[in-house]
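S.K.: Got a predicted structure here, sequence first:
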2 protein chains.
Amino acid sequence: MPPADHSYLTKKVISIGIVSELTGLSERQIRYYEERKLIFPDRTGKGTRKYSFTDVETLVHIANQMEEGVQTTELRRELKRQKSQEEVKRNMLRGQINAQFHKRH
Amino acid sequence: MPPADHSYLTKKVISIGIVSELTGLSERQIRYYEERKLIFPDRTGKGTRKYSFTDVETLVHIANQMEEGVQTTELRRELKRQKSQEEVKRNMLRGQINAQFHKRH
DNA sequence: CGTGTAAGGAATTCTGACACG
DNA sequence: CGTGTAAGGAATTCTGACACG
């Protein structure tokens, strides 16, 4: 089920130049973090990258970690851990909903 | 006192092409509504227009009104009425704050 | 009045590569 | 590994104007 995305936070509408201003990162850096799979912009029909405010926040976090000397590979692992954790939560929630359902039917 | 603007809703970061997609309006129309003082984008250093999500919502509202046959001059008046109303509210609030202050000092 | 369009120029973004370390 | 930069091209945006109605 893809996200419905009515949120101003996750809607991808910001071009890379603005993101650069917002984060203080160079466009080169922003593109590199995408290459390292830390950030996932959308693309317009002709290939221009578009970012959300959430992406901007993620980039600020990445920038802080990089200053701490953390490598992109480490950040990538961190991200994967987070994702699998979210999956665990979703599955637990689904289990509870199913239980409720069967109790009544 | 200028707005502090920590809001994702009012931060002007969206370029006109994206706004056009989001609203279904042509860039020509969007620029024209600015000329008629219905919308107030920021500009980047080199003059590119930047809009907020709130601007996008305003444009959708304008588009609906235009379909109803309302003229831009009428929408402009409506906007001015709203602004003066907000001013009234601000002044009332200030009055109450002042009253509270003098009661105690 | 509201909007389309062609015009010419300026600014933006993209990719792949070379460089340094 | 992470980032700067020059290169060439494509897409974006800007303004002022002419057109239609």
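M.R.: Okay, I see it.

S.K.: Roughly how far does residue A:85 sit from DNA strand D?
M.R.: The gap separating residue A:85 from DNA strand D is 23 Å, by C-beta to the nearest atom of the strand, to the nearest Å. Where you see a C-beta, it was placed from the backbone N, CA and C, and this is true even at glycine.

S.K.: Which strands and helices lie in contact with whichever strand or helix holds that residue?
M.R.: Per DSSP states H and E: residue A:85 is located in helix A:72-104. Where contact means 3 or more C-beta pairs under 8 Å, 6 or more residues apart in numbering or on different chains; DSSP states H and E, helix A:72-104 is packed against helix A:53-67.

S.K.: What is the neighbour count of the residue in chain A positioned nearest to DNA strand C?
M.R.: As assessed by C-beta to the nearest atom of the strand, DNA strand C sits closest to residue A:17 within chain A, at 2.4 Å. As a burial measure, residue A:17 scores 13 neighbours (other C-beta atoms under 10 Å in any protein chain shown).

S.K.: Doesn't it belong to a helix?
M.R.: Yes: with DSSP: H, G, I helix; E, B strand; the rest coil as the criterion, residue A:17 is part of a helix.

S.K.: Excluding residues flanking it in the chain, which one is nearest it?
M.R.: Excluding its sequence neighbours, the residue lying closest to residue A:17 (C-beta to C-beta, 6 or more residues apart in numbering or on different chains) is residue A:27, at 7.1 Å.

S.K.: count of neighbours near the one you found?
M.R.: Neighbours around residue A:27, by other C-beta under 10 Å: 13.

S.K.: Contact distance from DNA strand C - what residues of chain A qualify?
M.R.: A:15, A:16, A:17, A:18, A:20, A:27, A:31, A:47, A:48, A:49 (C-beta under 7 Å from any atom of the strand).

S.K.: Could you pull out the buried residues of the helix holding residue A:85?
M.R.: For helix A:72-104, a neighbour-count test (16 or more other C-beta atoms under 10 Å in any protein chain shown) marks A:72, A:75 as buried.

S.K.: now that helix: mean pLDDT?
M.R.: The average pLDDT within helix A:72-104 is 87.

S.K.: Compute the inter-axis angle for it and helix A:53-67.
M.R.: If you take axes from the mean of the first three to the mean of the last three C-alpha atoms, to 10 degrees, helix A:72-104 sits at 140 degrees to helix A:53-67.

S.K.: For chain B, see how far away residue A:29 is.
M.R.: 19 Å (C-beta to the nearest C-beta, to the nearest Å).

S.K.: nope, residue A:90 is what I meant
M.R.: For residue A:90, the distance to chain B (C-beta to the nearest C-beta) stands at 25 Å.

S.K.: Which residues are in contact with that residue?
M.R.: Remark: with contacts taken as C-beta atoms under 8 Å, 6 or more residues apart in numbering or on different chains, residue A:90 is in contact with nothing.
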